[in-house]
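Novice: here is a sequence with its predicted model. Questions after.
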Amino acid sequence: MMEKVTTTIDHDLCTGCGLCVQVCPVKTLSIRNGKAEVTGSESLNCGHCQAICPVGAVKVSAIDEAMSQFINFTPGNKWLQYGDYDTAQLVRLMASSRSCRNFIEKPVERSILEDLVKVGCTAPSGTNCQLWTFTILPTRKAVMDLGKGIRSFYIKLNALAKNRLLRMFLKLIGKPELDTYYREYYGSVKEGLEEFDRTGVDRLFHGAPAVIVVGCKSKATLPKEDALLASQNILLAAHSMGLGSCLIGMAVEPMKRDPKIQNAIGVPNDEKVYSVIGLGYPDEVYQLTAGRKKAVMRTFES
Ligand SMILES: Cc1cc2nc3c(=O)[nH]c(=O)nc-3n(C[C@H](O)[C@H](O)[C@H](O)COP(=O)(O)O)c2cc1C
Ligand code: SF4
């Protein structure tokens, strides 16, 4: 997303090497009289110029340094060289991150939740717009408040889906969604709702003591992709920090369809929710990574 330029060059430091010009994706900078100059009228504010300058001559003021400072760990801002990481360890982390559905009652520290949001923001975003939004529900009570809205959505949906004539009519006019819902989800949702009423067992969030709701402003270039990439970063970091996490897709659709549910947790109407992440200290220990089904993998060579 093109923005106004916030890049400044310290000409006393600049050696005119041209590296910043080479990595700028939108030609905001060029070399004039042996020094880098801002010559473009727009910028992605991606910070590549600042990150590559060997003498610290570039400043992009749209970048908020506090977003790279964490409370619970200190990665620093020194760039890892290409290839300078243990791939086996990275893949082991990715393969070990499990959808956790058993949590102990211990609350998650707010500083950890805030650090996780900043980890989410290290993800790429379409045209670097970074219009993702993160709503932290730091207590079980707040999670249950969100659950209330979602439960009433499913109570109404199940009442509609139960109506066979309505399902058939909608299918006939080319809207098979309610019938598909009835076949695939109606029964388990009914069971979950009844079990919650009877015993308080929370099949929606699996008892998670905290949630991060990841959304994106609708004017983002690729809002869904941005929110989901940030979410995956959060899942991986959560595992490395000793937390279990679970994506709660069952909470996303109701929030998309009924804006009142997202409004109730402070998410305004110009944002859409793309993921709801349950978080907490896990009450489960695996021996192995879970493995995956065979994937379609094809090669095309012209
Ligand atoms: C988009 C998406 C939505 C999901 N929604 C739910 C959900 O509502 N409830 C749940 O318990 N798990 C949910 N999951 C977790 C999947 O069931 C889980 O990723 C899958 O079974 C593989 O397990 P793993 O994540 O431990 O590898 C969701 C996962 C994804 C990617
Ligand atoms: S990378 Fe730094 S030193 Fe090189 S041209 Fe750009 S501002 Fe000047």
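Specialist: Sure thing, it's come through. Ligands and ions are numbered 1, 2, ... in the order given.

Novice: residues near the closest residue to C14 other than its chain neighbours, how many?
Specialist: The shortest distance from C14 to any non-neighbouring residue, by CB to CB, 6 or more residues apart in numbering, is to A57 (4.3 Å). Any C-beta I mention is one placed from the backbone N, CA and C, and that applies to glycine too. Residues near A57, counting by other CB atoms under 10 Å, number 21.

Novice: the helices in the chain, which residues?
Specialist: For the chain, the helices defined by DSSP state H occupy 19-23, 48-52, 87-96, 110-120, 140-161, 164-172, 177-181, 187-199, 223-240, 249-257, 259-263.

Novice: so what does the last one touch, helix or strand wise?
Specialist: So that's helix 259-263. The contact analysis (3 or more CB pairs under 8 Å, 6 or more residues apart in numbering; DSSP states H and E) places helix 259-263 against helix 140-161, helix 249-257.

Novice: next one: it to chain centre, how far?
Specialist: The gap between where helix 259-263 is centred and where its chain is centred comes out at 19 Å by CA atoms, centre = their mean, to the nearest Å.

Novice: right, and the helices of the chain - which one's nearest Q130?
Specialist: Closest approach to Q130 among the helices of the chain is made by helix 223-240 (7.6 Å; CB to CB).

Novice: what's the closest of the helices and strands packed on helix 259-263 to ligand 2?
Specialist: Shortest separation from ligand 2 across these is recorded for helix 249-257, at 42.5 Å, computed as CB to the nearest ligand atom.

Novice: closest residue of this protein to ligand 1?
Specialist: Relative to ligand 1, the nearest point of the chain is G249 (2.8 Å; CB to the nearest ligand atom).

Novice: and for that residue, the neighbour number?
Specialist: G249 sits with 9 neighbouring residues when counted by other CB under 10 Å.

Novice: equivalent analysis for the one 10 residues further on, please.
Specialist: The number of residues packed around P259, counting by other CB under 10 Å, is 15.

Novice: pretty sure it contacts E271?
Specialist: No - in this structure P259 lies outside contact range of E271 using CB atoms under 8 Å: 9.8 Å.

Novice: for the residue nearest to C14, phi and psi?
Specialist: Dihedral angles of A57 (phi, psi; degrees, to the nearest 10) stand at phi -90, psi -10.

Novice: wait, what's in contact with it?
Specialist: Applying CB atoms under 8 Å, 6 or more residues apart in numbering to A57 gives the contacts 9-11, 13-15, 36.

Novice: most neighbours, which of those?
Specialist: That'd be A36 among the contacts of A57, by other CB under 10 Å, with 26 neighbours.

Novice: who's in contact with that residue?
Specialist: Taking CB under 8 Å, 6+ apart as the contact definition, A36 lies against 9, 14, 16, 18, 20-21, 29-30, 49, 57-58.

Novice: filter those down to the buried ones and hand me the ChimeraX line.
Specialist: Here is the ChimeraX command that picks out the buried ones among the contacts of A36, judged by 16 or more other CB atoms under 10 Å:
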select :9,14,20,21,29,49,57,58
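
Novice: what would the contacts of A36 look like in CSV with pLDDT?
Specialist: Converted to CSV, the contacts of A36 look like this (pLDDT from 0 to 100):
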residue, pLDDT
I9, 97
C14, 98
G16, 98
G18, 97
C20, 98
V21, 97
L29, 97
S30, 97
C49, 97
A57, 98
V58, 98
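
Novice: near ligand 1, which residues of the stretch 51-200 of the chain?
Specialist: If contact is defined as CB under 6 Å from any ligand atom, the residues of the stretch 51-200 of the chain in contact with ligand 1 are 98-99, 101.
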